[in-house]
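[1] the following block contains a protein sequence and its predicted model.
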Amino acid sequence: MRDPKFYKAEPIWVTAERRGIRTASFFWVGTEAPIKGYSPSIFKYYDGSVPFHSRIDSVLSWFKLPENQRPKLVLLYFSEPDHTGHNVGSDHQDVITKVEEMDTLLGYLMDGLKKLKIFENLDIFIVSDHGMTDVSEERLIILEDYLSRINDIYINGIGSHIQIDIKNNQKEYEKKLFEELKKIPHCQSWNKDDIPNRFHFKNRNSSDYLLLADEGWFITTKSAMKESPFTIKGMHGYDPKYSNMHGIFYAMGANIKDGMEISAFENIHIYPLICKLLDIVPYDGKNDAPQGNIEILEKILKKEKTN
């Protein structure tokens, strides 16, 4: 998404660039848009045909730039095994094979990093933004089957959850709409003000209503089904209480304690951790986005910071 209006909060690379710290991104989601007028000092427009090894080679070359040109924060994104999981489902052998391929690729990245003169000064994080669970045609929630005035609302997306807004000239439908939403099976629904705080989804950018499917169910419309046959086998974006939705977090480096294991945490807390490592003040946008807490992950840091 290259439209900066889509992004309401402030991502880490913008916080860094605003404070004069050079950043770089190879296909990290959101870095193609000039959010608040800022882009990474180095970034690439997404092109899925670029081989994964080539992406790594480019990133390694950025670490070899002269110090005054070298980015202090580098972001690298891969679309796998997410892409395969959507196509074949979470437990398919193809996903296992793809995970093994990505593990080998990670080894290639680490081998390259270890050859750098600055390797001993690096902090490295390996993360994912979600997990995956299986979906099927037998577990579809088609909104037209439950909503009487589908043409009087705006529906944002299809999938594990959707947002709904009532068209301005149809406000009298508001009460009945919510009653209809609450009756949809295999779903939970909330109006904007009552969205559970643990979702970190209740802010001025939220739509009028949130509809969240039970794990493994898929929300769609007849028009969406007509435009494109249902072929998805894996999906994410469900309630984070489900372990299948959990991502990964691995950390190592100059400022990271060795051999430490911690309990599961919400990934919003990674942002203030990176801010601390970069010695910058986090963005305080309580009306725009959930606020991470440095105390959650600060315990993984060594007491004496290494530059």
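    Received the coordinates, thanks.
[2] and Phe63, what does it touch?
    Shown in contact with Phe63 (Cβ atoms under 8 Å, 6 or more residues apart in numbering): 70, 74, 113, 116, 118. In this view, the C-beta of every residue, glycine as well, is placed from N, C-alpha and C.
[3] and if we set it to 6 Å?
    Counting by Cβ atoms under 6 Å, 6 or more residues apart in numbering, Phe63 makes contact with Leu116.
[4] which non-adjacent residue is nearest Tyr209?
    Ile164 (4.3 Å; Cβ to Cβ, 6 or more residues apart in numbering).
[5] confidence score at the one you found?
    pLDDT for Ile164: 96.
[6] cool, and Ala9?
    For Ala9, pLDDT reads 86.
[7] that one against Ala289, yeah?
    Yes. Counting by Cβ atoms under 6 Å, Ala9 sits close enough to Ala289 to count as a contact (3.3 Å).
[8] quick one: contacts of the helix or strand that contains the residue nearest to Tyr209?
    According to DSSP states H and E, Ile164 maps onto strand 161-166. Strand 161-166 has contacts (Cβ under 6 Å, 6+ apart) with 153-156, 174, 207-212, 219, 237.
[9] which parts of this protein are helices?
    Using DSSP state H, the helices of the chain run over 12-18, 52-62, 82-88, 93-114, 174-182, 222-227, 270-278, 294-297.
[10] I'd like these as a markdown table, with mean neighbour count appended.
    Formatted as a markdown table, the helices of the chain follow (neighbours: other Cβ atoms under 10 Å):
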| stretch | mean neighbour count |
| --- | --- |
| helix 12-18 | 22 |
| helix 52-62 | 16 |
| helix 82-88 | 19 |
| helix 93-114 | 14 |
| helix 174-182 | 15 |
| helix 222-227 | 12 |
| helix 270-278 | 19 |
| helix 294-297 | 15 |
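[11] is it possible to get JSON lines of the ones you listed that adds mean pLDDT and distance to Ser128?
    Listed next are the helices of the chain as JSON lines, based on pLDDT from 0 to 100; distance: least, Cβ to Cβ, whole Å:
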{"stretch": "helix 12-18", "mean pLDDT": "97", "distance to Ser128": "16"}
{"stretch": "helix 52-62", "mean pLDDT": "98", "distance to Ser128": "16"}
{"stretch": "helix 82-88", "mean pLDDT": "97", "distance to Ser128": "8"}
{"stretch": "helix 93-114", "mean pLDDT": "98", "distance to Ser128": "10"}
{"stretch": "helix 174-182", "mean pLDDT": "95", "distance to Ser128": "31"}
{"stretch": "helix 222-227", "mean pLDDT": "93", "distance to Ser128": "27"}
{"stretch": "helix 270-278", "mean pLDDT": "97", "distance to Ser128": "11"}
{"stretch": "helix 294-297", "mean pLDDT": "96", "distance to Ser128": "16"}
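[12] right, so of those, which gets closest to Ser148?
    Closest to Ser148 of those is helix 174-182 (Cβ to Cβ; 6.5 Å).
[13] how far away from the center of its chain is that closest one?
    30 Å (Cα atoms, centre = their mean, to the nearest Å).
[14] put the alpha carbons of that helix into CSV.
    Extracted C-alpha coordinates of helix 174-182, given in CSV (Å, rounded to 0.1, in the frame of the first residue of the first chain):
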residue,chain,number,x,y,z
GLU,A,174,-27.9,1.6,12.9
LYS,A,175,-29.9,-0.1,15.7
LYS,A,176,-31.2,-2.9,13.6
LEU,A,177,-27.8,-3.5,12.0
PHE,A,178,-26.2,-4.1,15.3
GLU,A,179,-29.0,-6.5,16.3
GLU,A,180,-28.4,-8.4,13.0
LEU,A,181,-24.7,-8.5,13.6
LYS,A,182,-25.1,-10.0,17.0
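[15] break this protein into its domains for me.
    4-131+242-300, 137-235 (automatic domain parsing).
[16] what about the shortest one, distance to the chain center?
    Once both centres are worked out by Cα atoms, centre = their mean, domain 137-235 turns out to sit 20 Å from its chain's centre.
[17] now do the first one
    For domain 4-131+242-300, the distance from its own C-alpha centre to the chain's C-alpha centre is 10 Å (Cα atoms, centre = their mean).
[18] ends of it, what's the gap?
    Across domain 4-131+242-300, the terminal residues are separated by 33 Å (Cα to Cα, to the nearest Å).
[19] stretch 53-69 too?
    23 Å.
[20] now do stretch 225-236
    End-to-end distance of stretch 225-236 (Cα to Cα): 19 Å.
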